[in-house]
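Visitor: Everything below, folded, please.
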Amino acid sequence: LLAVTGSFQTHMVLRVVNGAALAAVAPAGQALLCDVIPEAERGKAFGLLQAVSTLCAGVCAALCAAMALVTVFGMAGWRVA
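Guide: Prediction:
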C-alpha cells in the first residue's frame, strides 16, 4: 500500500500503522517462545531467535537495496522495496 499512496498524509498514516504492527511482532514471538520452550532451554532459544532475526534483517536490507535500483511492475524499485 505504501508504494501506491498519492499523498504525504496517507503515506504517514500507513507508516504509523505499519510501525505499530511491527512493534507488536517481537513481544508476541517472545511470549510464544516462553509458552512453548521449557525454562531450562529458553536462553539457547532466545539466542537463536535473535541470531536468526538479525540474519534475516541483513538479508532483507541487502535485497531491498538491490531492488531499489530496478523497475518493478512499472514503478521505481525503491517505492516497492
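
Visitor: C-alpha from now on. contacts and neighbour counts both.
Guide: Fine.

Visitor: how about the helices of this structure, start to end?
Guide: 8-36, 42-67, 77-80 (DSSP state H).

Visitor: so what's the closest residue to residue 69 other than its chain neighbours up against?
Guide: Nearest-residue entry for residue 69: residue 77, 5.9 Å, with adjacent residues in sequence omitted and distances by Cα to Cα, 6 or more residues apart in numbering. Contact analysis of residue 77 by Cα atoms under 8 Å, 6 or more residues apart in numbering lists 67, 68, 69, 70, 71.

Visitor: Kindly report the same for residue 15.
Guide: Per Cα under 8 Å, 6+ apart, neighbours of residue 15: residue 2.

Visitor: and the gap between the residue nearest the centre of the chain and residue 29?
Guide: For the chain, the residue nearest the mean C-alpha position is residue 22 (6.5 Å; Cα atoms, centre = their mean). Note on residue 22: its distance to residue 29, by Cα to Cα, to the nearest Å, is 11 Å.

Visitor: ok, now residue 65?
Guide: Distance from residue 65 to residue 29, by Cα to Cα: 27 Å.
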